[in-house]
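Engineer: coordinates only, sequence not included:
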Ligand code: UDP
Ligand code: MG
């Protein structure tokens, strides 16, 4: 069985055609499937249209409605919780993703990949958006070491196990491949056809990519340093501390050996500040370690519970 998870935020005009196109591809394949619409707090009449579509084919269409607009990551996460399929496919609800690609995704998953991401090589959006997306992908590729061209493509296929281990929130949907690959899963990509948006408008402008770079920091942190925060923070603190120490040593030499007054030297203030900052940053890392250790020992405690009650 496959599950299609489709986040919807004000896409009323696209829904009917979307279902028609999906049915045209999936019905002849004679496979068991479900389509899960996640209405992410739409304010148009998407909900009414989803209800009508659901009445027409209750065996295939399911839906969840979020109380307000929580964003795509939360919408996907809600859809994943409901999905029963062995393969889960996400696609945008704005008709920009072409359902004809679905069989190609399934084939690639069957060839052994855990996550297959779409690659919109010819992206049909505005020039600014296409360019900033290229930059975003280049940076993400370098930072995560994962060789994908289009991290943020909404069209993806997952082996069910991978999504059930994924904690998605905020705007981390842009980095799903990095989060999944960090757990040792095989990640691949296929070229997909991308179409112009015909109805409604895009919810994400180019500006969003700026937040995206901050999210990248978060992702690097939670994929590489989650269990060892001091390794990421420690070196930064050390650099501050050592440069402060170097300045202070030099001033001490001037004072003691060369007999100069140093009370009026800007370097004095700089060195003292730098050393204090270094110590503070280092302590932040230690607090991080402490939190990690507590959480890990709680987890272990949880696992032991059942064996202790015999
Ligand atoms: N979307 C959503 N919640 C949001 C923003 C977007 O569920 O807060 C959905 C939207 O309805 C669409 C998909 O996410 O199905 C992709 O959004 P959009 O087409 O606006 O992004 P773009 O293709 O312009 O990057
Ligand atoms: Mg779109």
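Structural biologist: Nice, thanks for sending it over. Worth saying up front: this structure is predicted, and the values here are computed from it rather than measured. Ligands and ions are numbered 1, 2, ... in the order given.
Engineer: mind listing what the nearest residue to residue 54 once chain neighbours are set aside touches?
Structural biologist: Ranked by CB to CB, 6 or more residues apart in numbering and with sequence neighbours excluded, the top spatial neighbour of residue 54 is residue 61, at 4.6 Å. (Each C-beta comes from the backbone N, C-alpha and C, glycine too.) Residues touching residue 61, when contacts are defined by CB atoms under 8 Å, 6 or more residues apart in numbering, comprise 19, 34-35, 37, 50, 53-54.
Engineer: Need the per-residue pLDDT for residue 61.
Structural biologist: According to the model's per-residue confidence, residue 61 sits at a pLDDT of 98.
Engineer: ditto for residue 307
Structural biologist: Value for residue 307, per-residue pLDDT: 54.
Engineer: Tally up the residues packed near residue 252, please.
Structural biologist: Summarising burial for residue 252: neighbours were counted as other CB atoms under 10 Å, giving 12.
Engineer: That one is in what secondary structure piece?
Structural biologist: According to DSSP states H and E, residue 252 maps onto helix 229-256.
Engineer: any idea how far residue 64 is from residue 74?
Structural biologist: Shown here: residue 74 relative to residue 64, a distance of 11 Å by CB to CB, to the nearest Å.
Engineer: These two: which is more packed in?
Structural biologist: Residue environment comparison for residue 74 versus residue 64 gives the larger neighbour count to residue 74, 21 against 16, counting by other CB under 10 Å.
Engineer: Does the more buried one touch residue 40 like I think?
Structural biologist: Yes. With contact taken as CB atoms under 8 Å, residue 74 and residue 40 are classed as touching, separated by 7.4 Å.
Engineer: Can you work out which residues contact both of these two?
Structural biologist: Shared contacts of residue 74 and residue 40 (CB under 8 Å, 6+ apart): residue 66.
Engineer: quick one on the thing from earlier: are any of the contacts of residue 61 buried, and if so which?
Structural biologist: The neighbour-count test (16 or more other CB atoms under 10 Å) marks 19, 34-35, 37, 50, 53-54 as buried among the contacts of residue 61.
Engineer: Kindly reformat those as a markdown table containing pLDDT, secondary structure and distance to residue 131.
Structural biologist: Compiled in a markdown table, the buried ones among the contacts of residue 61 are given as follows (pLDDT from 0 to 100; DSSP: H, G, I helix; E, B strand; the rest coil; distance: CB to CB, whole Å):
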| residue | pLDDT | secondary structure | distance to residue 131 |
| --- | --- | --- | --- |
| 19 | 97 | helix | 33 |
| 34 | 98 | strand | 37 |
| 35 | 98 | strand | 34 |
| 37 | 98 | strand | 32 |
| 50 | 98 | helix | 34 |
| 53 | 97 | helix | 36 |
| 54 | 96 | helix | 40 |
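Engineer: Max pairwise distance over the residues you listed: which two?
Structural biologist: Taking CB to CB as the measure, the buried ones among the contacts of residue 61 span a maximum distance of 13.8 Å, between 34 and 50.
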